[in-house]
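**Q** sequence and computational prediction follow.
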Amino acid sequence: AVFEETARQAPLTRGAADTVIARRKNGYRVGVVTDSYFVASEIVCRRVFADFSVANVMKFVSGFATGELVITPAMQHPAGCPRHSVCKLNVLYNLRDKTHCSLAEVIAVGDGDNDICLLETAGKSIAFQGKSPAVRRAARYRLSGNLRRVADIALGKPTGLRRFFPFLFFGTRETKNSLQ
């Protein structure tokens, strides 16, 4: 109940729901990928109107967390991330295998060091309020303040954004129905 209440009450990033809705209207499948807990990610997923969430599972007994964590299989892939056996990049590889979308079609938005592998691999990557210089270097774009500007990048209009050499937005109209 504490996890659920926290997820319901936590403030959302400005523009999060608007961005998810806009991307979905443009044919994207939008997912929340986190190495946190599924009970919280699923609530956030519903709050921003995303299509799916991927997260680990915290075991509960009689309403109390046991401390046992079950890693989601989606964060593992036999030919996945060369640096980590459990990684958000592996979610991308698993979805690519399932939907046949190309990595170039993926827009990844991330803020922490645990997003670096994903940001380096996605077709378009955005460090949103990146927490470290490494995260900001891993992404092609840096963004802060309001997530609505993700739409500019998705549409190929990165006006005013700082270009560089992950919410996670998957696929295009062609792959929209393949995750259902």
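**A** Now that the structure is in, tell me what you want to look at. The structure displayed is predicted, hence computed values, not measured ones.
**Q** how far off centre is stretch 114-124?
**A** Between the centre of stretch 114-124 and the centre of its chain there are 10 Å (C-alpha atoms, centre = their mean, to the nearest Å).
**Q** contact partners for residue 38?
**A** Neighbour list for residue 38: 53, 55-58, 72 [criterion: C-beta atoms under 8 Å, 6 or more residues apart in numbering]. C-beta coordinates here come from the backbone N, C-alpha and C atoms, glycine included.
**Q** kindly indicate which of the residues you listed lies nearest residue 47.
**A** Closest approach to residue 47 among the contacts of residue 38 (C-beta to C-beta): residue 53, at 10.7 Å.
**Q** surely residue 107 and residue 124 touch.
**A** Yes: under the criterion of C-beta atoms under 8 Å, residue 107 makes contact with residue 124 at 4.6 Å.
**Q** which of these two has more neighbours?
**A** Taking neighbours as other C-beta atoms under 10 Å, residue 107 and residue 124 compare with residue 107 leading, 25 against 21.
**Q** for stretch 15-35, buried residues please.
**A** By neighbour count, with 16 or more other C-beta atoms under 10 Å as the criterion, the buried positions of stretch 15-35 are 15-16, 18-20, 22-24, 28-35.
**Q** just name the closest of the residues you listed to residue 98, please.
**A** Distance to residue 98, by C-beta to C-beta, is smallest for residue 29 among those, at 10.9 Å.
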